[in-house]
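In: Quick one, fold the following:
(chains A and B)
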Number of protein chains: 2
Amino acid sequence: MTLPTTMRQLRSLVTADGTLELSLATVDVPEPAGHEVLVRIDAAPINPSDLGLLLAMADVESATASGPADDTPPPPPPRRRGGPPAPPPTAGGPADDPVVRAPIAANVMAGLAPRVGESMPVGNEGAGVVVAAGDDPAAQALLGRTVAIIGGATYGQYRAVPATSCLELPDGTDPRDGASCFVNPLTALGMVETMRMEGHTALVHTAAASNLGQMLVKICLADDVPLVNVVRRPEQADLLRGLGAVHVCDSSSPTFLDDLTAALTATGATLAFDATGGGRLAGQILASMERAINARATEYSRYGSSVHKQVYIYGGLDRSPTEFQRNFGMAWGIGGWLLTPFLMKLGVPGMLRLRQRVVDELTTTFASHYTDEVSLAEALSLDAIRTYAKQATGQKFLIRPNGR
Amino acid sequence: MTLPTTMRQLRSLVTADGTLELSLATVDVPEPAGHEVLVRIDAAPINPSDLGLLLAMADVESATASGPADDTPPPPPPRRRGGPPAPPPTAGGPADDPVVRAPIAANVMAGLAPRVGESMPVGNEGAGVVVAAGDDPAAQALLGRTVAIIGGATYGQYRAVPATSCLELPDGTDPRDGASCFVNPLTALGMVETMRMEGHTALVHTAAASNLGQMLVKICLADDVPLVNVVRRPEQADLLRGLGAVHVCDSSSPTFLDDLTAALTATGATLAFDATGGGRLAGQILASMERAINARATEYSRYGSSVHKQVYIYGGLDRSPTEFQRNFGMAWGIGGWLLTPFLMKLGVPGMLRLRQRVVDELTTTFASHYTDEVSLAEALSLDAIRTYAKQATGQKFLIRPNGR
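Out: Alright, predicted model coming up:
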């Protein structure tokens, strides 16, 4: 197989004057070193955890699109699944060379200083076929195999990575099925592992109808872990109950806090993972946990229950400030939770165990659903950007850098 | 010495109809068991940590005072230090038998259910003289000694406690100097111990001009621990600088956040103890820590710094909700901190080490300052209650249950 010498790669740049600039760069296809393989990226998801680097919290509603000459019309909207096929892109045309610009608020810019002026590749994970390999036997052994990778720059046509960091997928795996092997599956598994490591026996999860949330429902059913699912709409509750979820609380219901307290009483959950981050939900969960604990208390404890209650915020679907009354005693914590530090704490044997489970249950427990499949150029249409920037539960984009 | 058979004890009662009722009960003087001593309480401080049990978050501005018959005039205001002496109380008169009632908000009542209808003694700590002892040699050895105690019910004239729980004070110690041996000194020492246990190297403290804050300044100077003091008024900054404090940031200053970031850059502090709890201060500290860390960063980290930043809330001077922007990456935590669980984690040898330090430095590092000395009855005057309920930094009450 003859490989091209150059490829397209999605880039995110923050300029000193406070503008986000998204574009497709043409770069050399990397030459794999001895221990590396070259992966042709066939599918890469847009996860919420990609959006910070990709969009830099810019105001995408005010974004403008143009070709590199700044006078070309915007590219067409991306093709939705089931819609008519898009015309083949014309190399060098405006649809193939989108440049999107969006303003960044001054207070956000303060935190972005270290990345100003640096054109950054994007994309945490993806899957594809190994099309070239270094001389090391471990690398050569992967030639022609379908693998999943994590580590950045997957929104491009090729990516060189160490052979040891590839997750080899079974023969015949569709790269679409392997695109989301790491972030969502390991995060969902990491929640259950964290629960065990920190001495809790049941879980609460918010934004629970997400792809990740559905995985967690299946994991907890299989592992016999009581799970309280918090969703924001009745149809999301139905979806989760259809998967077998037992405790589903709809935060749009007027009885939400009572429902939550009842579910916490039934499960004894004292650990929650919150994808929303903002608003009052984290505090409401802690207060409901405390109520559930105190309902069983036989004597008054002046500083509240001595049972430690914890909420980990692992996402930021709600960008508003986090706010809580401290009406849950003194034994509580709220903190950030991130996959990579968790995996480092878990150690290599634990990580390998989790990875193997992902491969074994790739099309069952860890199946992902994508509402939109787009090319690299289509991923930079204003319509697409404004859609995935919303992080609406259920909406999920898959980039196909080498065509569908 | 002949002991009385009955004594006065301050009681706090929450009634089912949502009323706080404070009164002085007449109860039997306890008979010490074999391993116990009977302490005549000469001095007991009103700490912020006493107020939850004492006042039950009642609306003290709406409180009414009366004698037990509900038709007597309110007692006179307490004597301030330096004021004229109060007339001797008349046994059984209204000044000697105050009953104070204050309404409790419905949402607060929900958390008080386990204590409704139970008349509870109050007072975490105090000091006095051992006036009787059980047969055990360890108890007998304390007869006549001045001791400090912790464990509740110190707002009364006598208290029986296990001999082993007494902190024996040097001959000639004024019980006033020993009244606050535990809560403030061990909390201040506990902050430094927590810093070491959790791998931090410097501290931030808010409401830093308090009695506790002044102890912490002295401890950190002696132990060479960099300390960032956050105060709310310029004169508080002057007070701390007079003690030798190096970093003092006044939150009322327009340059507060820049001052705080500069102090955090200078000290490298990544752990804060916050006495206020409510409002935006905890989040501002985390954000300033992140800014101080990023100022030294050489490359962009998409999820913020990987340095864990922690704020422990150990008080609630600001009752408003806690609110923060999550503008400090993902490596952060906010949580409750309470003395007793910390001491249990520290273990007995560590606790004995801290207690010995308190005794050794009782009138220097751990000297407390009281603005008001009151009898049990005076502690229940409306004027006194409304003053100590405010928890104003610098204002501190000492109860003298057996007279001054």
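In: would A:Leu186 count as being in a strand?
Out: No - applying DSSP: H, G, I helix; E, B strand; the rest coil, one finds A:Leu186 to be helix, outside a strand.
In: what does the stretch 201-350 of chain A put close to chain B?
Out: Selection of the stretch 201-350 of chain A residues close to chain B by C-beta under 8 Å from any C-beta of the partner chain yields A:277-278, A:283, A:290-291, A:294, A:297-304, A:306, A:313-314, A:316, A:321-327, A:329-338, A:341. Any C-beta I mention is one placed from the backbone N, CA and C, and that applies to glycine too.
In: Go through these and flag which are in helices.
Out: A:283, A:290-291, A:294, A:341 (DSSP state H).
In: Could you give me the PyMOL syntax to select whichever of the residues of the stretch 201-350 of chain A next to chain B are buried?
Out: Of these, the buried ones can be selected in PyMOL as follows, counting by 16 or more other C-beta atoms under 10 Å in any protein chain shown:
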select buried, chain A and resi 277+278+283+290+291+294+300+301+302+303+304+313+314+316+321+322+323+324+325+326+327+329+330+331+332+333+334+335+336+337+338
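In: anything in stretch A:16-29 near chain B?
Out: No - figure legend: stretch A:16-29 not in contact with chain B (C-beta under 8 Å from any C-beta); closest approach 13.8 Å.
In: what comes up buried for that stretch?
Out: Buried residues in stretch A:16-29 (16+ other C-beta under 10 Å): A:18-24, A:27, A:29.
In: now do stretch A:207-227
Out: A:207-220, A:225-227.
In: try stretch A:237-250
Out: Those would be A:237, A:239-240, A:245-250, for stretch A:237-250 by 16+ other C-beta under 10 Å.
In: In helices only, show me those residues.
Out: Checking the buried residues of stretch A:237-250 against DSSP H, those in helices are A:237, A:239-240.
In: Now do the contacts for the residue in the stretch 151-300 of chain A that chain B sits nearest to.
Out: Taking C-beta to the nearest C-beta, chain B has its nearest neighbour within the stretch 151-300 of chain A at A:Tyr300, 3.6 Å off. A:Tyr300 is in contact with B:112, B:114-115, B:118, B:120, counting by C-beta atoms under 8 Å, 6 or more residues apart in numbering or on different chains.
In: Look up how far B:Ala113 lies from it.
Out: 8 Å (C-beta to C-beta, to the nearest Å).
In: cool, A:Phe256 as well?
Out: On the measure of C-beta to C-beta, A:Phe256 and B:Ala113 end up 21 Å apart.
In: One more: A:Leu20?
Out: When A:Leu20 is compared with B:Ala113 (using C-beta to C-beta), they lie 52 Å apart.
In: ok, is the helix or strand of chain A with the lowest mean pLDDT in contact with chain B or not?
Out: When the helices and strands of chain A are scored by mean pLDDT, DSSP states H and E, helix A:106-112 comes last with a mean of 85. Yes - taking C-beta under 8 Å from any C-beta as the criterion, helix A:106-112 and chain B are in contact, through A:110-112.
In: Okay, buried residues for that helix please.
Out: A:108-109, A:111-112.
In: about what we covered before: who has more neighbours out of A:Phe256 and B:Ala113?
Out: When A:Phe256 and B:Ala113 are compared on other C-beta atoms under 10 Å in any protein chain shown, the one with more neighbours turns out to be A:Phe256, at 17 against 14.
In: Thought A:Asp250 was touching the more buried one, still the case?
Out: Yes - if you go by C-beta atoms under 8 Å, A:Phe256 and A:Asp250 touch, sitting 6.6 Å apart.
In: circling back: quick one: which of the buried residues of stretch A:16-29 is nearest chain B?
Out: Nearest to chain B among those, with distances taken as C-beta to the nearest C-beta, is A:Leu20, at 13.8 Å.
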